[in-house]
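Q: whatever this is, show me its structure:
(chains A and B)
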Amino acid sequence: AQSVTQPDIHITVSEGASLELRCNYSYGATPYLFWYVQSPGQGLQLLLKYFSGDTLVQGIKGFEAEFKRSQSSFNLRKPSVHWSDAAEYFCAPNFGNEKLTFGTGTRLTIIP
Amino acid sequence: DTEVTQTPKHLVMGMTNKKSLKCEQHMGHRAMYWYKQKAKKPPELMFVYSYEKLSINESVPSRFSPECPNSSLLNLHLHALQPEDSALYLCASSQDGRRTDTQYFGPGTRLTVL
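A: Numbers count the residues shown, from 1 in each chain, chains lettered A, B, ... in the order given. Below you'll find the predicted structure:
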């Protein structure tokens, strides 16, 4: 069965600190992988996506993600977070159909 | 312009009311989506329209009725809803509905059913 897991429900980091949000999936092949961000009370915005090729992908707002086939992971990183990065982050693989499968999300809190 | 607009922003309705949610995009996208998002949960797909035809219905109750009058507009008609239907309803669009498409989301309509 195909599934996606975001192990961290809530992460708190200090402004200026680095960030890594985890995403693991279970699937018999490599899915198409997306990270979306949702600010409070808003819709979702694509941060970055991976289909094939270079396993380190760059996105908007200074985010990057690395695909690791051996670990079935697609973790999101940012070297230095800003207060405006406080939001909910969703990993969303596409497992071979028209649909995105959203992870349960990780809520990011930034402390000054 | 990468904007998806949704109206109204907020809606309060009784269980016997009939109301509609509206979604519009002018990006030339041919796939449009309705999602339901409960508090502190991920979005759940409800419907997908591809080239104005309903391509996915995720076993949504018939009290939700989607309509795609043209390639730019998507409506969700609501009738006889239950309090548990209270949620944020998100609309999205994408180029063709392909796996590689980026979905562009609107800000949502926050629905409260009394």
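Q: need the nearest residue in space to residue A:89, chain neighbours excluded.
A: Leaving aside its chain neighbours, residue A:89 sits nearest to residue A:106 (4.9 Å; criterion: Cβ to Cβ, 6 or more residues apart in numbering or on different chains). (Each C-beta comes from the backbone N, C-alpha and C, glycine too.)
Q: let me fix that, I meant to ask about residue B:94.
A: Excluding the flanking residues, the one nearest residue B:94 by Cβ to Cβ, 6+ apart is residue B:101, at 3.7 Å.
Q: still on that earlier bit, contact partners for the residue nearest to residue A:89?
A: Applying Cβ atoms under 8 Å, 6 or more residues apart in numbering or on different chains, we find residue A:106 in contact with A:6, A:8-11, A:21-22, A:88-89.
Q: out of the residues you listed, which are buried?
A: By neighbour count, with 16 or more other Cβ atoms under 10 Å in any protein chain shown, those hold A:6, A:8, A:21-22, A:88-89 as buried.
Q: and these, which two are furthest apart?
A: A:22 and A:88 (14.6 Å; Cβ to Cβ).
Q: please tell me how far residue A:108 sits from residue A:41.
A: With distances taken as Cβ to Cβ, to the nearest Å, residue A:108 is found 16 Å from residue A:41.
Q: which of these two has more neighbours?
A: Legend: neighbour count by other Cβ atoms under 10 Å in any protein chain shown for residue A:108 and residue A:41, higher for residue A:108 (21 against 10).
Q: can you list the residues of chain B near chain A?
A: Proximity of chain B to chain A (Cβ under 8 Å from any Cβ of the partner chain) is limited to residues B:4, B:31, B:40-43, B:45, B:48, B:50, B:55-56, B:90, B:92, B:97-100, B:102-108, B:110.
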